[in-house]
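[1] Predicted structure and sequence below. I'll ask about it afterward.
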Amino acid sequence: MKKLIVVIGIFITFLITYFLQSNFFSWFTIAGIKPNLFVMLTLFITLFAGIKLGICYSLFFGIFLDIVIGKNIGIYLTMLLLVSILGGYFDKNFSKDSRITIMLMVLASTLLFEIGSYILSIIMQNINVQILEFVKILFIEIIFNTIITVIIYPIIIQVGYKIEDIFKGQKILTKYF
C-alpha cells in the first residue's frame, strides 16, 4: 500500500514538475533559458527509489515529453533513460548525504542530458552546429539546475529517504559488507 501511495505521489510530482517547467519557469528564465526539472526529477527518483523504478519512470516521462514537447520521438526518452542509468551508478558509488555531492550529481546529469540531446538533435534534425551558443545554454542551465537543487535540498533529503526506506528497505549493512 505504501508503494502505491509513493508511485501516485511521484506521478503527481511529475504533473507539478510539468506545470512548473512549462508555465512558471517561462516567466523566470535566465537569458531566456529555463532549468530542466525533468532531469532532476528522474535523477532523484533513481537515487532514492532504485534504478528499476527510475528506468520505468524515465521511460514514461520520456515518451510523454517526446509526444508533448519534442520535435522528434526518442530524444527525451533516450536521454532520460541515460540519466537513470547514471543515477544508478551514482547511487551505488556515492553518498547522498552531502549537498555538494547531490549538486555534482545534478551537474553531471544535466551535462549528459544536454550534450546527448544536442548530438541527437544534430543527427535527427540536421541542424547547424553552433558550439558557442550551445555552451552558453549548457552553462546557464547547469547553474540554474544547481541553484534549484540547493534550494530544494532539504525537501529532497526528507522525502527521498522516506521513499528509499519504502522501496529499498534497511539494507545499510549489506551495502557495505
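    Structure received.
[2] So which residues lie in contact with the helix or strand that contains I12, not counting its own?
    Per DSSP states H and E: I12 is located in helix 2-19. The contact list for helix 2-19, computed with CB atoms under 8 Å, 6 or more residues apart in numbering, reads 37-38, 41, 45, 49, 57, 61, 163, 166-167. Just so you know, the C-beta spots here come from the backbone N, C-alpha and C atoms, and that holds for glycine as well.
[3] mind listing the helices for the chain?
    Assigned by DSSP state H, the chain shows helices spanning 2-19, 25-27, 37-49, 51-68, 75-93, 99-125, 131-167, 172-176.
[4] For the fourth one, which helices and strands make contact with it?
    Judged by 3 or more CB pairs under 8 Å, 6 or more residues apart in numbering; DSSP states H and E, the packing partners of helix 51-68 are helix 2-19, helix 37-49, helix 75-93.
[5] Adding mean pLDDT, mean neighbour count and distance to Y153, write those out as CSV.
    Shown next, in CSV, are the helices and strands packed on helix 51-68 (pLDDT from 0 to 100; neighbours: other CB atoms under 10 Å; distance: least, CB to CB, whole Å):
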stretch, mean pLDDT, mean neighbour count, distance to Y153
helix 2-19, 90, 13, 16
helix 37-49, 93, 25, 11
helix 75-93, 93, 20, 15
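[6] I'd like the ones you listed laid out as a markdown table, including distance to Q158.
    Formatted as a markdown table, the helices and strands packed on helix 51-68 follow (distance: least, CB to CB, whole Å):
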| stretch | distance to Q158 |
| --- | --- |
| helix 2-19 | 13 |
| helix 37-49 | 11 |
| helix 75-93 | 18 |
